[in-house]
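Student: Structure for the following, please:
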Amino acid sequence: MVSQTLQSKNINEIFSDIKGLEDFRPCPEVNELFSSLVNRIVEGRVEGDLSRGEVRKLRQLCGKSEFQLEKYWSNRIIESERPEEEIKKFPYFKNYEKLVAFEYATLVGCCSDLEKNAVFVGGGPLPFTAIMLAKDYGFNVTVIDRDKKAVSQAKKLFDALDLDINVVKSSAENFSDYNDFNVIHVAAMVGQSKSQELKVFNTIRRQMDEHSHLVARTVHGERKLLYRPVSREVKNMFNVEAEKRPSRDVVNSTVVMTVSDS
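Tutor: Coordinates of the predicted model:
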């Protein structure tokens, strides 16, 4: 439950409160601040105006909080006696279910004869998408992440959940096996600067098989306060097969792309 004081604050005041946090690990203050931020953004209740620099900073802080939240819950699931039940207590579990179902439906709409061999780029310590693709949709999944601790955590998590998901330590721009996969799924936190984004998607484009599909998470409207959207330059590298926006309670839009003919 978000306090009345926090409900009355505008986006500039919430940003100021988030910027003042010294610790982004889950606790009542951190949970309340970010829940309020996300809720009002997806509900279209954003009052106030942040500068471009402030938006970039807010995205960075959101990423920092998201990593700490996933790390905390990954540990909690690993240490649980019933990890399959514990994972469902994650506060955004239902949101992930809806997001992955939305992305899968969009993907199938572009490719009815889909080979379910996917790489998920930027899995972090709690790769929910990879878990759901494997458990709910029958994919063979490989996860890559550049962070050594996140890779170690994800491996322990998959062991606890008895899932056969491969995890590779690699940056997205240096991974050399994209051509082994029919589906390349890129997380929203990958490519948080323009130069990094272009490096990542150029690497994917050079290796991508003509029959493969690239699924990239993006954002629209006020949701851009949380994540950087996929740029026009990236979309111009590929054939955009579909771009769809989600229901209100899901943050990310999805873009499905194939290798450009040019």
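Student: drop to CA atoms for contacts and neighbour counts, all remaining ones
Tutor: Will do.
Student: Show the model's pLDDT score for R248.
Tutor: What the model reports as pLDDT for R248 is 72.
Student: And it, how far from S195?
Tutor: From R248 over to S195 the distance is 31 Å, taken as CA to CA, to the nearest Å.
Student: Then N182?
Tutor: When distance is defined by CA to CA, N182 is 26 Å away from S195.
Student: Who has more neighbours out of those two?
Tutor: Set side by side, N182 and S195 show more neighbours around N182, with 20 against 9, by other CA atoms under 10 Å.
Student: And the more buried one, how far from D145?
Tutor: With distances defined as CA to CA, the gap from N182 to D145 amounts to 19 Å.
Student: Quick check: which ranges of the stretch 101-250 of the chain have low pLDDT?
Tutor: By pLDDT under 70, the stretch 101-250 of the chain contains no weakly predicted segment.
Student: Please enumerate the strands of it.
Tutor: Using DSSP state E, counting those that start in this stretch, the strands of the stretch 101-250 of the chain run over residues 117-121, 140-145, 166-169, 183-186, 213-218, 238-244.
Student: out of those strands, nearest to K71?
Tutor: Ranking the strands of the stretch 101-250 of the chain by their distance to K71 (criterion: CA to CA) puts strand 140-145 first, at 13.8 Å.
Student: can you tell which of the strands of the stretch 101-250 of the chain is closest to G53?
Tutor: Using CA to CA as the criterion, the shortest distance between G53 and these is 19.6 Å, found for strand 213-218.
Student: Using PDB, write down the CA coordinates of the closest one.
Tutor: What follows is strand 213-218, C-alpha atoms only, in PDB (Å, rounded to 0.1, in the frame of the first residue of the first chain):
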ATOM      1  CA  HIS A 213      13.400 -13.900 -35.300                       C
ATOM      2  CA  LEU A 214      14.700 -11.100 -33.000                       C
ATOM      3  CA  VAL A 215      12.400 -10.200 -30.100                       C
ATOM      4  CA  ALA A 216      13.400  -6.900 -28.500                       C
ATOM      5  CA  ARG A 217      11.600  -5.200 -25.500                       C
ATOM      6  CA  THR A 218      10.900  -1.600 -25.900                       C
END
